[in-house]
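Participant: I would like the atomic coordinates for the input below:
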Amino acid sequence: MKLPAAFGRICCLCALTTALAACAAQPPAEVAAQPGPTPTPTATLPRFDKRAYVEIATTKGRVVVELDGTNAPITVGNFLDLVNRRFYDGLTFHRVEPGFVVQGGDPLGNGTGGFIDPKTRKERTIPLEIRPTVGGKPGDILYSKTYQEAGLSPSGQPPVLSHRRGVIAMARSSYPDSASSQFYITLADTSPLDGGYAVFGKVIQGMEVVDRIAIGDKMTSLRVISAPPVAPSAPSSTP
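Facilitator: Coordinates of the predicted model:
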């Protein structure tokens with residue numbers, strides 16, 4: 001239900017790679033008409049409207065991401081809540097598309113799972129959350145609609161958080177409010193995804209680790225850190 005199907009359609013339209021271009025495209029009307037889970041009321045969802053840092057320890061090394069709660073408060077709040085629950089610890093990266101994305105966060109490991117809230121015993125989903133620029137400045141956050149559905153242009157009103165190499169964003173199905181726990185990190189600039197998926201942060205340390213991740217590699221642990229540690233300075237050449 002998550003990113004693979006939706007990504008396949010977008011990549012087919014945009015021809016990002018030869019392999020992905022073989023996927024079948026679907027028109028916007030069909031995508032919009034597809035049934036999906038009822039979104040959880042936003043008032044009950046975790047929110048975080050500041051900057052935060054999360055360390056992702058993997059079997060290939062350590063990655064630090066900076067999360068932007070100012071421009072994606074519900075998306076960041078949901079992610080931090082799952083990190084604090086230790087939900088991600090031990091999960092795998094189940095999808096790797098070289099030059100495109102690495103994806104993980106599925107408890108089932110096959111791209112169809114999400115976070116089951118122990119209180120409701122249902123999958124918790126969050127609304128699509130994208131802040132466009134208006135007149136060169138951050139506008140109001142757009143919820144539950146893609147740019148296409150809202151009649152916006154990524155070139156005319158680019159998202160404040162765009163799909164550059166090394167960003168972290170939420171995976172979802174074709175239904176805008178279906179993101180739950182799966183996330184992806186981009187391996188290259190992927191601007192065709194702008195306006196369709198919720199970017200909520202970026203890698204600030206360990207991008208070389210992300211580049212080495214293969215299908216089946218694990219996230220051994222995720223934890224919130226107060227700030228990224230400063231890289232050690234180069235040894236002085238002075239005796």
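
Participant: ok, Ile213 to Gly113 distance?
Facilitator: 19 Å (Cβ to Cβ, to the nearest Å). For glycine as for every other residue, the C-beta is placed from the backbone atoms N, C-alpha and C.

Participant: Between those two, which is the more surrounded one?
Facilitator: Ile213 (23 against 19; other Cβ atoms under 10 Å).

Participant: Show me which positions of the helix or strand containing Ser221 end up buried.
Facilitator: Assigned by DSSP states H and E, Ser221 belongs to strand 219-225. For strand 219-225, burial by neighbour count (16 or more other Cβ atoms under 10 Å) applies to Met219, Leu222.

Participant: And for stretch 190-198?
Facilitator: Thr190, Leu193, Asp194, Gly195, Gly196, Tyr197, Ala198.

Participant: now, which of the residues you listed sits nearest Leu80?
Facilitator: Distance to Leu80 across the buried residues of stretch 190-198 (Cβ to Cβ) is lowest for Ala198, with 14.5 Å.

Participant: gap between the closest one and Val76?
Facilitator: 10 Å.

Participant: and if you look at Gly151?
Facilitator: Distance from Gly151 to Val76, by Cβ to Cβ: 26 Å.

Participant: Compare those two and say which is more crowded by neighbours.
Facilitator: Legend: neighbour count by other Cβ under 10 Å for Gly151 and Val76, higher for Val76 (26 against 7).

Participant: Could you report the neighbour count for the nearest residue to the more buried one once chain neighbours are set aside?
Facilitator: Nearest non-adjacent residue to Val76, counting by Cβ to Cβ, 6 or more residues apart in numbering: Gly69, 4.1 Å away. For Gly69, the count of nearby residues is 20 (other Cβ under 10 Å).

Participant: One more: Ser181?
Facilitator: Every residue meeting other Cβ under 10 Å relative to Ser181 is counted, giving 25.

Participant: Who are the contact partners of the spatially most central residue of the chain?
Facilitator: Centroid-nearest residue in the chain, with Cα atoms, centre = their mean: Ala169, separated by 1.6 Å. Residues near Ala169 by Cβ atoms under 8 Å, 6 or more residues apart in numbering: His163, Phe183, Tyr184, Ile185, Thr186, Leu193, Tyr197, Ala198, Val199, Phe200.

Participant: Name the next helix or strand downstream of the one helix or strand Leu80 maps to, please.
Facilitator: Using DSSP H and E, Leu80 maps to helix 73-84. Remark: after helix 73-84, the chain's next helix or strand is strand 93-97, criterion DSSP H and E.

Participant: Can you tell me which helices and strands the following helix or strand past that next one packs against?
Facilitator: Downstream of strand 93-97, the first helix or strand assigned by DSSP H and E is strand 101-104. When contacts are defined as 3 or more Cβ pairs under 8 Å, 6 or more residues apart in numbering; DSSP states H and E, strand 101-104 packs onto helix 3-14, strand 93-97, strand 183-186.
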